[in-house]
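Trainee: for reference, the sequence and a predicted model appear below.
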Amino acid sequence: MQFLKFLVLSTGLISHAISSESSKCPNISPGPASSFQLAELLPISPLTDHIATETIRNILSLYAFAIDGRNWQAFSRVFAPDARANYSEPLPVLYGLKNITDAVAAQITQFSGTHHRYSTQYIAICSPTSAISITYLEASHFFLPHTSPAIEDDSHTLFATGRYEDTWKKANGTWKIVNRNLVFIVSNEVRNIDGEGGGTNTLNRDRSSWMLRKSLILGFPTLLEVSSFDKYWKPRFSDFQKYKHWVEYALESRIEE
């Protein structure tokens with residue numbers, strides 16, 4: 001009997017400790033937060049709900065499966081009906097499951113295929129019904145229908161890096177995202193750090209750059225052949241590959257400016 005009382009008391013103390021720790025869980029909504037802020041604000045606790053943590057991790061995996069498999073109906077397993085999502089400009093801040101699903105589907109279907117993968121991840125269970133997660137993301141967006149992984153490069157594939165900052169709620173026994181921010185990371189520069197205003201959508205920007213680059217690369221040798229600059233430029237380039245490198249370097253330098 002005494003043992004049972006001790007067990008109940010111990011369980012209560014543990015629950016109280018978890019509750020106290022969860023009160024320190026920062027509010028990252030609507031966000032987004034910067035990496036600097038995340039490193040300072042996120043709590044470190046040895047006490048957590050492992051079942052809830054793994055459930056959230058699995059739901060994040062379902063999102064990757066859904067977006068790569070073009071299974072848009074499966075978004076209802078990930079987002080709450082009244083969820084908010086900021087995927088960066090040109091998309092507006094989205095409200096509601098249907099708007100989120102339709103907007104993401106329209107962006108992703110521009111590509112022949114995609115492959116999303118996660119790396120660094122932080123999940124904090126803030127209370128029995130609330131949680132936050134930060135998930136680093138890398139994604140390949142394939143422009144062509146038959147791209148071999150062995151030769152994947154920026155002439156066939158757009159690579160995107162960033163992180164998801166998610167706020168979760170548990171309702172009717174199910175965890176779902178109620179607030180999401182997608183923060184793109186490009187050359188150590190954070191995109192989408194201005195809250196509601198969002199940031200630069202690197203998918204559209206880099207896709208346009210890729211199309212411009214390829215058109216210049218393909219057209220540049222022809223331009224040299226028919227232009228008055230042929231005698232000046234051609235001796236300075238021994239083959240088409242050097243033309244290609246020159247155009248790519250010039251274009252990339254211009255984009256960086």
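Mentor: Everything's here; your move.
Trainee: mind listing the strands for the chain?
Mentor: 79-86, 94-95, 113-127, 130-142, 157-171, 174-186, 189-190 (DSSP state E).
Trainee: how about the ones you listed in JSON lines, adding mean pLDDT, mean neighbour count and distance to residue 53?
Mentor: In short, each C-beta sits where N, CA and C put it, glycine included. Shown next, in JSON lines, are the strands of the chain (pLDDT from 0 to 100; neighbours: other C-beta atoms under 10 Å; distance: least, C-beta to C-beta, whole Å):
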{"stretch": "strand 79-86", "mean pLDDT": "97", "mean neighbour count": "20", "distance to residue 53": "19"}
{"stretch": "strand 94-95", "mean pLDDT": "97", "mean neighbour count": "16", "distance to residue 53": "27"}
{"stretch": "strand 113-127", "mean pLDDT": "92", "mean neighbour count": "17", "distance to residue 53": "5"}
{"stretch": "strand 130-142", "mean pLDDT": "91", "mean neighbour count": "20", "distance to residue 53": "8"}
{"stretch": "strand 157-171", "mean pLDDT": "91", "mean neighbour count": "20", "distance to residue 53": "11"}
{"stretch": "strand 174-186", "mean pLDDT": "92", "mean neighbour count": "21", "distance to residue 53": "10"}
{"stretch": "strand 189-190", "mean pLDDT": "42", "mean neighbour count": "14", "distance to residue 53": "26"}
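Trainee: need these in TSV with distance to residue 63, can you?
Mentor: What follows is the strands of the chain, written out as TSV (distance: least, C-beta to C-beta, whole Å):
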stretch	distance to residue 63
strand 79-86	9
strand 94-95	15
strand 113-127	8
strand 130-142	9
strand 157-171	9
strand 174-186	8
strand 189-190	22
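Trainee: so which of these is nearest residue 34?
Mentor: Ranking the strands of the chain by proximity to residue 34 (C-beta to C-beta) places strand 189-190 first, at 6.3 Å.
Trainee: from residue 35, how far off is residue 185?
Mentor: According to C-beta to C-beta, to the nearest Å, residue 185 stands 9 Å off from residue 35.
Trainee: how about residue 104?
Mentor: Look at residue 104 and residue 35: by C-beta to C-beta, they are 24 Å apart.
Trainee: neighbour-wise, which of the two wins?
Mentor: residue 104 (21 against 13; other C-beta atoms under 10 Å).
Trainee: didn't that one look like it was pressed against residue 68?
Mentor: No - using C-beta atoms under 8 Å, residue 104 is not in contact with residue 68; the gap is 11.9 Å.
Trainee: what's the closest of the strands of the chain to residue 43?
Mentor: strand 113-127 (6.1 Å).
Trainee: that closest one packs against which elements?
Mentor: helix 2-22, helix 50-68, strand 130-142 (3 or more C-beta pairs under 8 Å, 6 or more residues apart in numbering; DSSP states H and E).
Trainee: what's the second one packed up against?
Mentor: Of the remaining helices and strands, those touching helix 50-68 by 3+ C-beta pairs under 8 Å, 6+ apart are strand 113-127, strand 130-142, strand 157-171, strand 174-186.
Trainee: shaky segments in this protein?
Mentor: 1-24, 46-47, 144-155, 186-257 (pLDDT under 70).
Trainee: so what are the domain limits for it?
Mentor: Here the domain parsing of the chain from automatic domain parsing is 23-195, 207-256.
Trainee: circling back to that earlier point, a markdown table for the helices and strands packed on helix 50-68, including distance to residue 94?
Mentor: Below are the helices and strands packed on helix 50-68 laid out as a markdown table (distance: least, C-beta to C-beta, whole Å):
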| stretch | distance to residue 94 |
| --- | --- |
| strand 113-127 | 18 |
| strand 130-142 | 18 |
| strand 157-171 | 14 |
| strand 174-186 | 9 |
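Trainee: residue 45 is nearest to which of those strands?
Mentor: Nearest of the helices and strands packed on helix 50-68 (C-beta to C-beta): strand 113-127, 7.6 Å.
Trainee: contacts for that closest one next, please.
Mentor: 18-19, 22, 25, 38, 42-43, 45, 48-49, 52-53, 56-57, 60-61, 63-64, 67-68, 108, 131-142, 145, 147, 163 (C-beta atoms under 8 Å, 6 or more residues apart in numbering).
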